[in-house]
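[1] Make a model of this:
(2 chains)
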Amino acid sequence: MKKAFITRRKSLLVAASAALALSLSACGGGSGTTTPPVASASFEAGTTMAKLNQAKKITIGTKFDQPLFGQKGLDGKPVGFDVEIGKAIAAKLGIEPDKIEWVETVSANREPFIEQGRVDIVIATYTINDARKQKVAFAGPYYEAGQALLVNKDDNSITKPEDVKGKKVCSVTGSTPAKTIVEKYGAELVPAANYTACLEPLRNKQVVAVTTDNVILAGYVDKEPDAFKLASDQTFTKEPYGIGLKKDDTVFRNWINDQLEGFAKDGTYKKAWEATAGKVIKTAPELPKIDRY
Amino acid sequence: MDAIFESLPQYWDGFLRTLFLAVISGVIALAAGTLLAAMRVSPVAALRGFSTFYVEVARNTPLTIIFFFSAIVLPRLGVKFEQFEVAAIIALSSYTAAFVAEAVRSGVNSVPVGQAEAARSIGMTFTQVLGLVVLPQAVRTVIPPLINIMIALVKNSSVAGAFFVLELFGYGLQLSNSHGDAVMWILIGVAFFYLLITVPLGLLAHFVEKKVAIAR
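    Residues are numbered from 1 along each chain as shown, chains lettered A, B, ... in the order given. Modelled structure (predicted):
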């Protein structure tokens, strides 16, 4: 008797989850991605470009949980600005978008993955800094993220960091954005364990804003556009995002830098932005000055 | 090791806030818990029912959930606090009160029935019986468990660190975020400051117990 009950419950569960999967995949499409044309390029023998062009395959590391930049959709393919840049670079190498192998690179494994050759390049909201330059090389920056403020949708009183002086702002305990908002702009910090935990006090108006990098905040706006918005498209610190690759591959790095400048000229850059992060951050960014170190 | 000495001001600030949370919540919990225990043994069925219900719900719910309720759900229902410390005190005292109530009730049960009967026979009301005869004896027998509850309260106050209050543990989180290379030392420092509160409490329990113990 008991067994029969369990079996029935199981089949119900299966049916329910199947229905859920169907309804989810139905609205999973139409994420508005641009498909760049594939170039029929040829490269000097021995270069990484030639190798990848010959293999017609590239492995790109990105984040799977950073909405608008790199987020793995329900169809198993990541979408976002980082992903679009990756597709555009692949296209210049003569590689179709569906021949790109996407590998999840979280913050902790980006350098080892590049060093071990498990990925060819990493485009994963990857801030260029000197410590990382010891281990890997960076093309770019292709985008300059920075600290911003997330506020309630109906709040128009805060547009710049100076507006939060003496007011309560939520951020992660001990993080760099938390220090900046307190020490430079005189806000009162409400400390949280992570940024998601800050959303409830903001919703309840116990804090006036949440602060960290604009790309993280834009992800929250993307999820709940009716509840939150960015106080401004302007950022007040600089986090240059680069494309990570093997440290000694200068030829490949210069080639990617050339491509990035090309994307800025031919409109690929702007189109990629508008299809992804531009849905939340309205001001389209200019390609930052490429750091050809 | 240097990280600890550099951060002494933060430790001190966190220590004072932990102490503040524990003392205020402790006083409220002792008062509310004794009241709940009195209700539990009162002749009025409705009071007994309420007290039983409250104690069972509060002590069987994880503290984190009670914190979540007071810091996040209450504001959503319109009860807003200027300071998150208020939410922490509500959570800590309502949780701890249930344990105090149970401890006091066990004390009440340890007072021989004859005491209450004798008090009633000379014409005392229920409040007098309880307040003058039973509770004074009951509380003396439950000093050790009460102090245990207070020690637990001090340690439980660390949950507030995850709910927007910068007490000792909150500072521990903050310091370990900014000194990633010295996490172990930082946590040892945090533990030391907790011990600074809890060890004296244990000694106090011993002392008070010797003073007020009644031989039965």
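
[2] Tell me which residue in chain A sits closest to chain B.
    Relative to chain B, the nearest point of chain A is residue A:174 (2.9 Å; C-beta to the nearest C-beta). Backbone N, C-alpha and C define where each C-beta goes, glycine included.

[3] what helix or strand is that residue on?
    Under the criterion DSSP states H and E, no helix or strand holds residue A:174.

[4] Mind giving me the packing neighbours of the helix or strand containing residue A:243?
    For residue A:243, the host element (DSSP H and E) is strand A:239-246. Contact here means 3 or more C-beta pairs under 8 Å, 6 or more residues apart in numbering or on different chains; DSSP states H and E; on that basis strand A:239-246 packs against helix A:110-115, strand A:121-122, strand A:136-145, helix A:250-266.

[5] Give me the contact list for it.
    A:48, A:61, A:85, A:89, A:110-111, A:114-115, A:117, A:120-128, A:132, A:136-146, A:213, A:252-253, A:256, A:288, A:291 (C-beta atoms under 8 Å, 6 or more residues apart in numbering or on different chains).

[6] where's it relative to the chain centroid, distance-wise?
    With C-alpha atoms, centre = their mean, to the nearest Å as the basis, strand A:239-246 stands 12 Å off its chain's centre.

[7] on that earlier part again, just the helices and strands packed on strand A:239-246: most buried one?
    Across the helices and strands packed on strand A:239-246, averaging neighbours per residue (mean count of other C-beta atoms under 10 Å in any protein chain shown) puts strand A:121-122 on top, at a mean of 27.

[8] Return the distance of it from the chain's centre.
    Centre-to-centre, strand A:121-122 and its host chain are 13 Å apart (C-alpha atoms, centre = their mean).

[9] Also stretch A:213-229?
    With C-alpha atoms, centre = their mean, you get 13 Å for stretch A:213-229.

[10] Next: stretch B:130-141.
    With C-alpha atoms, centre = their mean, you get 20 Å for stretch B:130-141.

[11] swap in stretch A:203-212?
    Its chain's average C-alpha position is 23 Å from that of stretch A:203-212, according to C-alpha atoms, centre = their mean.

[12] mean confidence score for that stretch?
    Average pLDDT, stretch A:203-212: 93.

[13] List the buried residues for it?
    By neighbour count on 16 or more other C-beta atoms under 10 Å in any protein chain shown, the buried set for stretch A:203-212 is A:203-204, A:206-212.

[14] Could you check which residue of chain B lies nearest chain A?
    For chain B, C-beta to the nearest C-beta, closest residue to chain A: residue B:177, 2.9 Å.

[15] how about that residue, what does it touch?
    The neighbours of residue B:177, taking C-beta under 8 Å, 6+ apart as the test, are A:172-175.

[16] ditto for residue B:136
    By C-beta under 8 Å, 6+ apart, the contact set of residue B:136 is empty.

[17] and it, that's in a helix?
    Yes. The assignment for residue B:136 by DSSP: H, G, I helix; E, B strand; the rest coil puts it in a helix.

[18] Now do the strand holding residue A:243 and strand A:136-145, the angle between them.
    When axes from the mean of the first three to the mean of the last three C-alpha atoms, to 10 degrees is applied, the directions of strand A:239-246 and strand A:136-145 differ by 150 degrees.

[19] Could you check which helix or strand contains residue A:103?
    With DSSP H and E as criterion, residue A:103 is part of strand A:100-104.

[20] Tell me the strands beside that strand, with direction?
    strand A:58-62 (parallel) (DSSP bridges).

[21] model confidence over the strand it pairs with, on average?
    For strand A:58-62, mean pLDDT is 95.

[22] residues in contact with it?
    The contact list for strand A:58-62, computed with C-beta under 8 Å, 6+ apart, reads A:52, A:69-70, A:78, A:80, A:82-83, A:86, A:90, A:93, A:95, A:99-105, A:110, A:113-114, A:118-124, A:244.

[23] switch the cut-off to 6 Å
    Identification of contacts with strand A:58-62 by C-beta atoms under 6 Å, 6 or more residues apart in numbering or on different chains yields A:52, A:70, A:78, A:82, A:86, A:90, A:95, A:100-103, A:105, A:113, A:119-124.

[24] And for residue B:102, nearest residue in space, chain neighbours not counted?
    Using C-beta to C-beta, 6 or more residues apart in numbering or on different chains and skipping the chain neighbours, the partner closest in space to residue B:102 is residue B:55 (6.3 Å).

[25] cool, and residue A:264?
    Ranked by C-beta to C-beta, 6+ apart and with sequence neighbours excluded, the top spatial neighbour of residue A:264 is residue A:287, at 3.8 Å.

[26] Any stretches of chain B with poor pLDDT?
    Counting by pLDDT under 70, chain B shows low-confidence ranges at B:215-216.

[27] which helix in it runs the most residues?
    Across chain B, the longest stretch assigned as helix under DSSP state H is helix B:8-40.

[28] so the very next helix or strand once past that helix versus helix B:8-40, what angle?
    Next in sequence after helix B:8-40, counting helices and strands by DSSP H and E, comes helix B:45-60. Using the same axes, to 10 degrees, the inter-axis angle of helix B:45-60 relative to helix B:8-40 is 150 degrees.

[29] Buried residues, helix B:45-60. List them.
    Under the neighbour-count criterion of 16+ other C-beta under 10 Å, helix B:45-60 has B:47, B:51, B:54-55, B:58 buried.

[30] Is residue 202 within a helix or a strand, and which one?
    I went with chain A, as the question did not name one. For residue A:202, the element it lies in under DSSP H and E is helix A:199-203.

[31] Can you look at chain B instead?
    Assessed by DSSP H and E, residue B:202 sits inside helix B:183-212.

[32] what about that helix and chain A, touching?
    No. If you take C-beta under 6 Å from any C-beta of the partner chain as the test, helix B:183-212 misses chain A, and the best it gets is 10.6 Å.

[33] Give me the angle between the strand holding residue A:243 and helix A:250-266.
    Following the same axes, to 10 degrees, one obtains 140 degrees for the angle between strand A:239-246 and helix A:250-266.

[34] Looking at strand A:239-246 now, give me its mean pLDDT.
    Averaged across strand A:239-246, the pLDDT comes to 94.

[35] With stretch A:260-269 instead?
    The pLDDT scores in stretch A:260-269 average 94.

[36] hey, C-alpha coordinates of it in CSV?
    Extracted as CSV, the C-alpha positions of stretch A:260-269 are listed here (Å, rounded to 0.1, in the frame of the first residue of the first chain):
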residue,chain,number,x,y,z
LEU,A,260,38.9,44.8,-30.0
GLU,A,261,39.7,48.1,-31.6
GLY,A,262,38.2,46.8,-34.8
PHE,A,263,35.0,45.9,-32.9
ALA,A,264,34.8,49.5,-31.6
LYS,A,265,35.1,50.9,-35.1
ASP,A,266,32.7,48.6,-36.9
GLY,A,267,29.9,48.7,-34.3
THR,A,268,30.2,45.1,-33.1
TYR,A,269,31.2,46.4,-29.7
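
[37] Neighbours of residue B:214, how many?
    Residue neighbour count, defined by other C-beta atoms under 10 Å in any protein chain shown, stands at 9 for residue B:214.

[38] what residues are up against it?
    Counting by C-beta under 6 Å, 6+ apart, residue B:214 makes contact with residue B:140.

[39] you'd agree the residue nearest to residue B:102 is up against residue B:100?
    No. Between residue B:55 and residue B:100 there is no contact, the gap being 9.6 Å when judged by C-beta atoms under 6 Å.

[40] per-residue confidence for the residue most central in space within chain A?
    The structure's chain A has its C-alpha centroid closest to residue A:69; by C-alpha atoms, centre = their mean the separation is 2.6 Å. Looking at residue A:69, its pLDDT stands at 93.
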